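Asker: Got a predicted model here, sequence first, then my questions.
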Amino acid sequence: MTYFSPTDLIINPDGSSYHLNIRPEQLCDTIFMVGDPERVEKVSCHFDRIYYKIHKREFVSHFGELAGKPIGVLSSGIGADNVEIVMNELDALANIDFETRIEKSQKRSLNLIRMGTSGSIQEDILVDSILISEAAIGFDNLAQFYDFSSDKSLPQKDLDQFCEQIGYPLPIYGAKASNQLVRLFSQDAHFQDAFLGTTLTAPGFYAPQGRTVRMNSVLPDFLKDCSATLVGKSKITNIEMETSAYYAFSGVLGHEMISLNAILANRKTLQFSTNPEKQISQLIQKAIALFS
């Protein structure tokens, strides 16, 4: 099996992963993923017990127990570049022996549930609703460095045609959520009113999401063009900054991943939630309820 050198797989002196600071024995199979480090405690307060609290940079993780089963929550910070770190290190913790640096012959699959915020780019996707991302398209630069081909990848011809229609000159990638997690959440009573959609993952918050402050965008119609153009037979429903990377890495590495979005804004109607913290809290409670 493959050996990973100390410069490829950096392990801290205490045997933990370089950025996440998690040791292999602390890892559990089901982990809630959030962006904001301050949101970690808002999830773990619902656990029955917390065994480990770990904090390094923007990566905060709590591991404990819920309804007699191991459970965790981890913050990634903002953006697909941070997800790249998180997914590589989580997979290494699960599937590489940190003592020998050799890939394990028997692979371990993690269940990862992102709970995040997002903005709708379709008028009928309402503010303060929940959207389950069935698929996501990445406009970050990860596609220039990774081969994301897997059975969860979106057809490249659909992505190429989409880029041609909106006049976007750079490579993009797309991947689907875990089928079993989509079924689990979409069929649950807590999510009966949730929308299903295809998510656009942007490489920034301002111009890449159609916002201008003091600098003008060179693609002023980007958001309008994306909302009006189909990817295959699907329209893009919402926009955020992490989901596509989670789906692409999970598809290649063999993990189950889903992204649950609290819709705080509607970019078509120019509405924003009057109580965003309440919406995030409700999303957390509904997701936790499936594991209680």
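Answerer: Arrived safely, thanks for sending. Residues are numbered from 1 along each chain as shown.
Asker: alpha carbons only for contacts and neighbour counts from here, please
Answerer: Fine.
Asker: Give me the neighbour count for Asp151.
Answerer: Residue neighbour count, defined by other CA atoms under 10 Å, stands at 11 for Asp151.
Asker: OK, contacts around it?
Answerer: Asp151 makes contact with Gly251 under the criterion CA atoms under 8 Å, 6 or more residues apart in numbering.
Asker: you'd agree it is in a helix?
Answerer: No: the assignment for Asp151 by DSSP: H, G, I helix; E, B strand; the rest coil gives coil, which leaves it out of any helix.
Asker: and it, backbone torsions?
Answerer: The phi and psi torsions at Asp151 (degrees, to the nearest 10) take the values phi -70, psi -10.
Asker: per-residue pLDDT, it?
Answerer: Note on Asp151: pLDDT of 96.
Asker: what does Met1 give?
Answerer: Here, the pLDDT recorded for Met1 equals 77.
Asker: Format the CA atom coordinates belonging to the top helix by length along the chain as CSV.
Answerer: Of all segments of type helix in the chain, defined using DSSP state H, the longest is helix 80-95. C-alpha atoms of helix 80-95 as CSV (Å, rounded to 0.1, in the frame of the first residue of the first chain):
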residue,chain,number,x,y,z
ALA,A,80,-13.4,25.7,-0.7
ASP,A,81,-9.7,26.2,0.1
ASN,A,82,-10.3,25.4,3.7
VAL,A,83,-12.5,22.5,2.8
GLU,A,84,-9.6,21.1,0.8
ILE,A,85,-7.6,21.0,4.1
VAL,A,86,-10.4,19.6,6.1
MET,A,87,-11.3,16.8,3.7
ASN,A,88,-7.7,15.7,3.1
GLU,A,89,-7.0,15.5,6.8
LEU,A,90,-10.3,13.8,7.8
ASP,A,91,-9.7,11.2,5.2
ALA,A,92,-6.1,10.7,6.3
LEU,A,93,-7.2,10.2,9.9
ALA,A,94,-9.7,7.6,8.7
ASN,A,95,-7.7,5.8,6.1
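Asker: Quick one: residues in contact with the next helix or strand after it.
Answerer: Tracing the chain C-terminally past helix 80-95 and defining elements by DSSP states H and E, one meets strand 96-97 next. For strand 96-97, the surrounding residues in contact (CA under 8 Å, 6+ apart) are 102-104.
Asker: That's all I had, so thanks and see you.
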